[in-house]
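> okay, predicted coordinates and the sequence, questions at the end:
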Amino acid sequence: MTTVPITQEIDARGSFCPGPLMELIRTIKSAQVGDVLAVLSSDPGSAKDIPAWVAKANHELVGLEEVEGGATRFIVRKTH
Amino acid sequence: MSEKLAMILESGTTDKLMAASILAAGAAAMGKEVTVFLTFGGLNAFRKGAENAPMVMPDEFAGMEAQMAQIMQAKQVPHWLKNFKDAKEIGEVHLYACGATMDMFDLKKEDLEPLVEEVVGVATFIQKSEGAQTVFI
C-alpha cells in the first residue's frame, strides 16, 4: 500500500476500454498541479494504456498496485 | 510518430462504429489531432437519435444483435457515440460529413448528430488529413 496521500480516487472498475483512461484524463484536467489521483480499473488494457498516457502527457506515475478482485490502482501525480 | 490520425468511416455496422470510436478516443487521449470523414454507411449511422438506433451487425454476426446488446449492457460497453463525444471532450477531434453521401441520402446538416461539424467534399478531407496516419473503416 502506498503512503502517498491521495487527493482524489476514481473508481472506474467495470468501465470498458477506454473508459478508465477517459475518466483519469477528465479528472486530471480539473485537478490542481501537485494533486495525486488514484484510478481503479479492471480493464486489462489499462495496464499498458494508463502508464503510456501518463508518460505522453508528462505527468508522473507514482505507482500501481493490484487490488482485490482483479483490478489495478494507478496513482498519478499531476505535474503541470 | 504522426501527430494526426485520419479516419474514413464508411461502415455503419455497430462493430466498426465501435472500433472507430475507441480508436478516436485513444488517439485523442494520446494527443493526436483526429479527423473523421463520415461517408456512406458511416454517415448514415450519424443520423440524429443514433444512440437509440437499433444495433446493426455484419454478416459474420448476423442474428446475434440481441445477444450482443445483452453482452454490451452486462459489460457496460459505452455506446460508440459516447466514445466520440468523450474523444472530442478530451482532445482535438473533428467529424466531417461527406457531401456526396448527404446528397444521395437526401440528408441535411440538421438531420445529423450535432457532433458532426461540417459537410465537406473529399478534397477537403484530403487537405485536412495531410500528414496523418490514415485508416479506412
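Happy to help now that I have it. Residues are numbered from 1 along each chain as shown, chains lettered A, B, ... in the order given.
> for the helix or strand of chain B with the lowest mean pLDDT, list every residue counted as buried.
Counting by mean pLDDT, DSSP states H and E, chain B has its least confident helix or strand at helix B:65-74, which shows a mean of 88. Buried residues in helix B:65-74, counted by 16 or more other C-beta atoms under 10 Å in any protein chain shown: B:Met72. From N, CA and C alone the C-beta is placed, and that goes for glycine too.
> ok, stretch A:58-72 next?
Neighbour counts over stretch A:58-72 (16+ other C-beta under 10 Å) mark A:59, A:62, A:64, A:71-72 as buried.
> dump that stretch to PDB, restricted to CA.
Provided in PDB are the C-alpha atoms of stretch A:58-72 (Å, rounded to 0.1, in the frame of the first residue of the first chain):
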ATOM      1  CA  ASN A  58       4.300  14.300 -18.900                       C
ATOM      2  CA  HIS A  59       2.600  13.600 -15.600                       C
ATOM      3  CA  GLU A  60       4.100  11.200 -13.000                       C
ATOM      4  CA  LEU A  61       3.100   7.600 -12.400                       C
ATOM      5  CA  VAL A  62       3.700   7.400  -8.600                       C
ATOM      6  CA  GLY A  63       2.900   3.700  -8.500                       C
ATOM      7  CA  LEU A  64       0.500   1.000  -9.200                       C
ATOM      8  CA  GLU A  65      -0.900  -1.800  -7.100                       C
ATOM      9  CA  GLU A  66      -3.100  -4.800  -7.500                       C
ATOM     10  CA  VAL A  67      -6.300  -4.700  -5.600                       C
ATOM     11  CA  GLU A  68      -8.700  -7.500  -4.700                       C
ATOM     12  CA  GLY A  69     -11.000  -8.700  -7.400                       C
ATOM     13  CA  GLY A  70      -8.500  -8.400 -10.300                       C
ATOM     14  CA  ALA A  71      -8.300  -4.600 -10.600                       C
ATOM     15  CA  THR A  72      -5.400  -2.300 -10.500                       C
END
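> quick one: that stretch to chain centroid distance?
On the basis of C-alpha atoms, centre = their mean, to the nearest Å, stretch A:58-72 sits 7 Å off its chain's mean C-alpha point.
> just stretch B:99-119 next, same as before
Worked out by C-alpha atoms, centre = their mean, stretch B:99-119 lies 13 Å from the chain centre.
> which residues touch it?
B:38-40, B:43-44, B:46-48, B:50, B:81, B:84-85, B:88, B:94-98, B:120-122 (C-beta atoms under 8 Å, 6 or more residues apart in numbering or on different chains).
> please pick the buried ones from these.
B:38-40, B:43-44, B:46, B:50, B:81, B:84-85, B:88, B:94-98, B:120.
> the residue lying closest to A:Arg26 once chain neighbours are set aside and B:Phe84: what is the separation?
What sits nearest to A:Arg26 in space, not counting adjacent residues and going by C-beta to C-beta, 6 or more residues apart in numbering or on different chains, is B:Ile90, at 6.7 Å. B:Ile90 sits 11 Å away from B:Phe84, going by C-beta to C-beta, to the nearest Å.
> what do those two both touch?
In contact with both B:Ile90 and B:Phe84: B:Ala25, using C-beta under 8 Å, 6+ apart.
> please give the element, helix or strand, for the residue of chain A most remote from its centre.
Going by C-alpha atoms, centre = their mean, the residue of chain A most distant from its centre is A:Gly69, 17.1 Å out. Per DSSP states H and E: A:Gly69 is located in neither a helix nor a strand.
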